[in-house]
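Undergrad: coords please:
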Amino acid sequence: MAPRIGIQELIGHKLIDQDGNNVGKIGQVYRDDQTHQPTWVTVQTGLFGNQESFVPLAGAEITDQDLRVPFSKSLIKDSPRFEAGGHLSPEQEAQLYRHYGVQPTIPGPRDAAGDVSTEERGRTAEHEARTQEPGTMPREGEEASMTRSEEQARVGVERTESGRAHVRKTVESEPFEQDVPVRKEELRIEREPVTGEERSAGTSRIGEQEEEITLHEERAVIGKEEVPVEKVRISKEEVTGTERVRGELRKERIEIDEEDEGPGESRRNR
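TA: Residues are numbered from 1 along each chain as shown. Here you go, the predicted structure:
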């Protein structure tokens with residue numbers, strides 16, 4: 001693994017957000033006027049890197065050759081814009097702290113790191129190296145700091161396809177029965193005797209004779225026609241329910257081992 005580098009040497013390296021996304025290249029490092037401790041960096045954003053956003057170093061850590069900050073890429077890009085390379089006023093700094101939701105740790109205005117002398121940078125870089133290396137005790141009058149981080153759950157929802165409904169209609173046949181009244185013609189024969197007048201008239205002659213009568217009847221027939229009987233509408237609606245999510249979150253603990261002058265005596269503070 002490549003050796004860890006100091007804040008000042010990160011200029012030109014990548015700034016990584018809390019989700020591991022590359023935000024852009026680090027442009028400048030801003031330090032406190034009095035203590036010269038690094039408190040802000042600028043990152044080049046925009047389509048061609050022609051814009052610079054201020055990012056606080058609170059909670060930041062150096063990973064290999066890059067700097068990772070506990071903020072999202074969108075939050076950084078939406079931060080208030082001030083002219084980089086000049087002096088950062090207390091009002092501008094307070095506006096930036098409010099945007100990131102971070103409490104200021106060191107009072108006083110900030111200037112770009114380029115305004116600090118080379119001798120002062122060397123002393124500050126040496127101090128950073130001592131405080132970053134594990135196991136290095138601070139000298140008298142110096143301060144040692146360590147940032148404790150923990151994971152926080154961000155629970156949301158995502159929309160996925162759960163199924164599809166296909167609507168179609170088919171044709172099927174079913175039998176039916178129905179009684180239909182029908183009429184028909186039948187022959188009815190009536191016989192009556194010939195009276196005396198008809199007999200004396202002599203109009204009847206013996207011979208063959210034929211008459212024809214047509215009979216009719218009704219038959220049940222089936223006729224079909226298509227008629228609409230029903231409309232079916234299909235729609236979808238959203239139903240809200242609850243779903244329980246489970247997971248694990250990691251957090252860091254800071255332990256302090258304080259050794260006394262006497263042999264074998266030590267105290268541990270947590």
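Undergrad: C-alpha from now on. contacts and neighbour counts both.
TA: Noted.
Undergrad: any idea of the mean pLDDT for stretch 219-226?
TA: Averaged over stretch 219-226, pLDDT sits at 87.
Undergrad: Quick check: buried residues in the longest strand seen in the chain?
TA: For the chain, the longest strand by residue count, based on DSSP state E, is strand 22-32. Within strand 22-32, the residues that count as buried by 16 or more other C-alpha atoms under 10 Å are V23, G24, K25, I26, G27, Q28, V29, Y30, R31, D32.
Undergrad: Can you add distance to E243 and pLDDT and give those back as JSON lines?
TA: JSON lines is the format used below for those (distance: C-alpha to C-alpha, whole Å; pLDDT from 0 to 100):
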{"residue": "V23", "distance to E243": "34", "pLDDT": "91"}
{"residue": "G24", "distance to E243": "38", "pLDDT": "90"}
{"residue": "K25", "distance to E243": "41", "pLDDT": "91"}
{"residue": "I26", "distance to E243": "42", "pLDDT": "90"}
{"residue": "G27", "distance to E243": "45", "pLDDT": "88"}
{"residue": "Q28", "distance to E243": "46", "pLDDT": "89"}
{"residue": "V29", "distance to E243": "46", "pLDDT": "89"}
{"residue": "Y30", "distance to E243": "46", "pLDDT": "88"}
{"residue": "R31", "distance to E243": "48", "pLDDT": "85"}
{"residue": "D32", "distance to E243": "49", "pLDDT": "75"}
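Undergrad: which one of those residues sits closest to Y100?
TA: Among the buried residues of strand 22-32, V23 lies closest to Y100 (C-alpha to C-alpha), at 15.5 Å.
Undergrad: which ones are touching the closest one?
TA: When contacts are counted by C-alpha atoms under 8 Å, 6 or more residues apart in numbering, V23 touches K14, L15, I16, D17, V43, T45, K73.
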